[in-house]
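Undergrad: Build the 3D model from these lines:
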Amino acid sequence: MKSPHTGLKRVFYAAGYSWKGFKATWHHEAAFRQEAVLFACISPLAFWLGETLVEQIILISVLLMVLVVELLNSAVESVVDRIGSEFHTLSGRAKDQGSAAVFLSFFIAVLVWVGFLISKLVG
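TA: Now for the predicted structure:
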């Protein structure tokens, strides 16, 4: 169904739907809560570790990327669970692939942060 809202009204409603998505994910997904708390604890260090604004943005962005991928993974899991609770190979594959995406995003974030840390400590 297409939204009846246009212009700024549509943006306002979209922001409300996004907020509902954040709240639902926070409420139902322990992994998202853990990653959000990790983001809140680690992201201030970007201002110490990054020497320029661009470096600070990169450090914060890779942490946000983990949260984005976790949101998408949670959406996939919700759709799969909505379809049915019985085991199906494709459902399991979809959930595993979403989990793998989260793992890769986390791995990228760790690589970037460790690279910056090594650079800061050595250079």
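Undergrad: Can you get me the start-to-end distance on stretch 44-51?
TA: 13 Å (CA to CA, to the nearest Å).
Undergrad: what is the rounded mean pLDDT of that stretch?
TA: The average of the pLDDT scores along stretch 44-51 is 96.
Undergrad: in it, what counts as buried?
TA: Using 16 or more other CB atoms under 10 Å as the test for burial, stretch 44-51 gives L45, A46, L49, G50. Where C-beta positions appear, they are placed from N, C-alpha and C, glycine not excepted.
Undergrad: Can you tell me which of those residues comes closest to V69?
TA: Nearest to V69 among those: A46, at 18.8 Å, using CB to CB.
Undergrad: residues contacting the closest one?
TA: E55, Q56, L59, I60, L63 (CB atoms under 8 Å, 6 or more residues apart in numbering).
Undergrad: Which of the buried residues of stretch 44-51 sits closest to F12?
TA: A46 (30.5 Å).
Undergrad: In which helix or strand does the closest residue in space to L45 that isn't next to it in sequence reside?
TA: Nearest residue to L45 in three dimensions, chain neighbours excluded: L59, at 7.8 Å (CB to CB, 6 or more residues apart in numbering). Applying DSSP states H and E as the criterion places L59 in helix 53-83.
Undergrad: Of all pairs in the buried residues of stretch 44-51, which one spans the longest distance?
TA: Distance extremes for the buried residues of stretch 44-51: the farthest pair is L45 and G50 at 9.0 Å, using CB to CB.
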